[in-house]
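**Q** How does the following fold in three dimensions:
(one chain, ligands or ions: 1)
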Amino acid sequence: MYLKNDERLVQITPHKRQIAHQSTEFYSFVHFTVNTFTDREWGDGKESPKILSPERLDAEQWVRAVKSAGMKGLILTCKHHDGFCLWPSKYTKHTVEYSPYKQGKGDIVKETADACKKHGIKFGVYLSPWDMNNELYGRGKEYDDFFINQLTELLTNYGEIFSVWFDGACGEGPNGKKQYYDWERYYARIRELQPDACISVCGPDIRWCGNEAGHTRKAEWSVVPERAKDSEIIAEKSQQTDDAEFRQRKVDARDSDLGSREILENENALIWYPAEVNTSIRPGWFWHESENDKVRSLDELINIYYNSVGGNATFLLNIPPTKDGLFHENDVKRLSEIGEYLDKAFKENLTATATLTADSTEEGFDIDNALSDNYDSYYTPEKGKNNAEIIISWQENQNIGNIVLKENILNSQRVEEFSVDIMEEDGWKEVYKGTVIGYKRIVPLKNITASRIRIRIKDSRCEPQLSFIAVYKAVQEEN
Ligand code: FUL
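**A** Model prediction:
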């Protein structure tokens, strides 16, 4: 029997915009601005717009490369901390309109949004609240009005936006003052203009995983205490000079455990707040000639993919265009290698020829419901049972690679502990131990030969509900 408290936990479910966002899985960041031309990571707001002169900029080249990796979206740095706008904003002269790019007639936001639309991927905007160029910065409502105007331009003139990405960095503006951002006002405008967009990181929909290196926790929970909202924490941190005080807060995006039962038990308010892993394909966020040979290895990137997309989080991978306005050939090559790898690793689902059985089934929620990848149907054991044993068998031995498990997150995340066993001559042998499943868990088995697999859900908040089980054929190493 499960604990009474579990019922409270499984009442926390995602908004439809969060489900759409999570199913985007793997998408790119594109960091491009004056920094690309000054070889810096952060500008100072004093750069002349004249330095932005990408002679071969081609947003379609970015989108093609992004798609070749299997990514389904792209988020562009429309304005970074230096305040330079990649679109001709009416509210400042620090924009592409005053650059040599297309003699001031270019709009890089539009070109990118159009390329995404043309090639069928989602488009998102990064708009830095910190603006080192604008004179209004630090003047309270006056700057908020300006920021709202810029947000409105981005959210009305460029079609559908899937993510509005707010950075936590907050420093001084040109007059030496800091700005206290009116987050609630920003959020309200986004909800009004793009109700399907998720507000990420400094926002209520998607949480920062807590580092920029690509690391994930063993268990990335989507149900967390409300006070773990990064927006509040980062906003608060950004207004404090005393870091020690910040660290005293009980829940921080960097805590190792944000949502286990022990953490949630004593919390009154819980929210659905899934993690996003953001990192760059190179050491820096912006392009630097010196980093052309520092593109991360395929192994490293695939490992981050498995731990993020395959660990109940999403993966936002940055690729910075060069001064020419194109992705560098080394990055393009790596992206297509990622795509090829993933295509092979998730190509042949062996459940098509398998028989699946479960030790307990609620009427109408048969284990075969988990053969199709959607939330229309799912498997669940009899009422009151918070564990399950599922056996997948074939008549002949199979070469088994990745196993993919997905919960029916429409009814929250439930699984807390599971394991995978394979049948050997002398009985079951455990080959994997896991915690969270949530949206998706990839169990990477490296070419195991077996004709029977057992998945044991050992602990769950109320009855586990599995929407998808897939067992992929191992990729044969080429030599
Ligand atoms: C950070 C920024 O300061 C970096 O420049 C970059 O944009 C990264 C994604 O977020 O907070």
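
**Q** interface residues of the protein facing the ligand?
**A** E41, D167, A169, N278, W285 (CB under 6 Å from any ligand atom). Yep, even glycine has a C-beta here, placed from its N, CA and C like the rest.

**Q** Distance check, the first one against I281.
**A** Meaning E41. 15 Å (CB to CB, to the nearest Å).

**Q** of the two, who's got more company?
**A** I281 (25 against 14; other CB atoms under 10 Å).

**Q** sorry, back to before: I'd like the residues of the chain next to the ligand as a markdown table, with distance to I12, secondary structure and pLDDT appended.
**A** Formatted as a markdown table, the residues of the chain next to the ligand follow (distance: CB to CB, whole Å; DSSP: H, G, I helix; E, B strand; the rest coil; pLDDT from 0 to 100):
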| residue | distance to I12 | secondary structure | pLDDT |
| --- | --- | --- | --- |
| E41 | 37 | coil | 97 |
| D167 | 27 | coil | 90 |
| A169 | 30 | coil | 83 |
| N278 | 24 | strand | 97 |
| W285 | 33 | coil | 98 |
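
**Q** Most neighbours among those residues, which one is it?
**A** The most neighbours of any of those, using other CB under 10 Å, belong to N278, which has 23 neighbours.

**Q** Correct me if wrong: that residue contacts G210.
**A** No - N278 is beyond contact range of G210, at 10.4 Å (criterion: CB atoms under 8 Å).

**Q** quick revisit: ok, of the residues of the chain next to the ligand, which one's closest to D343?
**A** N278 (23.9 Å; CB to CB).

**Q** ok, the closest one - contacts?
**A** N278 sits next to F29, V201, W208, C209, E212, L316, L317, N318 when contact means CB atoms under 8 Å, 6 or more residues apart in numbering.

**Q** Narrow those residues to just the buried residues.
**A** For the contacts of N278, a burial check counting by 16 or more other CB atoms under 10 Å picks out F29, V201, W208, C209, L316, L317, N318.

**Q** In strands, which of those residues appear?
**A** Counting by DSSP state E, the buried ones among the contacts of N278 place F29, V201, W208, L316, L317, N318 in strands.

**Q** Rebuild those as CSV, extending it with distance to S23 and pLDDT.
**A** Putting those into CSV (distance: CB to CB, whole Å; pLDDT from 0 to 100) gives the following:
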residue, distance to S23, pLDDT
F29, 19, 98
V201, 19, 93
W208, 20, 92
L316, 14, 98
L317, 17, 98
N318, 21, 98
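
**Q** pretty sure I437 is touching N312, no?
**A** Yes - with contact defined as CB under 8 Å, I437 reaches N312; the gap is 7.0 Å.

**Q** pLDDT at K50, what is it?
**A** K50 is assigned 98 on the pLDDT scale.

**Q** Now it: phi and psi?
**A** Dihedral pair for K50: phi -70, psi -20, per degrees, to the nearest 10.

**Q** if I pick it, what's in contact with it?
**A** Y98, S99, P100.

**Q** Count the neighbours of the first one for me.
**A** A count of neighbours around Y98, defined by other CB under 10 Å, yields 17.

**Q** what residues are up against the closest residue in space to it that isn't next to it in sequence?
**A** In space, and not counting its chain neighbours, Y98 is closest to P49: 4.0 Å by CB to CB, 6 or more residues apart in numbering. By CB under 8 Å, 6+ apart, the residues touching P49 are V34, F84, K93, H94, T95, V96, E97, Y98, S99.

**Q** What about the last one, how many residues nearby?
**A** It stands for S99. Using other CB under 10 Å, S99 has 24 other residues around it.

**Q** mind putting the residues of the chain next to the ligand in a markdown table, distance to I108 included?
**A** Below are the residues of the chain next to the ligand laid out as a markdown table (distance: CB to CB, whole Å):
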| residue | distance to I108 |
| --- | --- |
| E41 | 19 |
| D167 | 19 |
| A169 | 22 |
| N278 | 21 |
| W285 | 17 |
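
**Q** Could you work out the most separated pair of these?
**A** E41 and N278 (14.9 Å).

**Q** Determine the set of other helices and strands touching the host helix or strand of I199.
**A** Assigned by DSSP states H and E, I199 belongs to strand 198-201. Secondary-structure packing of strand 198-201 (3 or more CB pairs under 8 Å, 6 or more residues apart in numbering; DSSP states H and E): helix 16-22, strand 163-166, strand 207-208, helix 230-238, strand 275-280.

**Q** Least reliable of the ones you listed by average pLDDT, please.
**A** Sorting the helices and strands packed on strand 198-201 by mean pLDDT places helix 230-238 lowest, at a mean of 51.

**Q** in the stretch 201-350 of the chain, what residue is nearest the ligand?
**A** Using CB to the nearest ligand atom, the single residue of the stretch 201-350 of the chain nearest to the ligand is W285, 4.4 Å away.

**Q** Hmm, that residue is touching R40, no?
**A** No - in this structure, W285 is not within contact of R40 by CB under 8 Å, at 10.5 Å.

**Q** quick one, strands of the stretch 251-400 of the chain?
**A** Applying DSSP state E, counting those that start in this stretch to the stretch 251-400 of the chain gives strands spanning 270-272, 275-280, 313-318, 355-358, 388-407.
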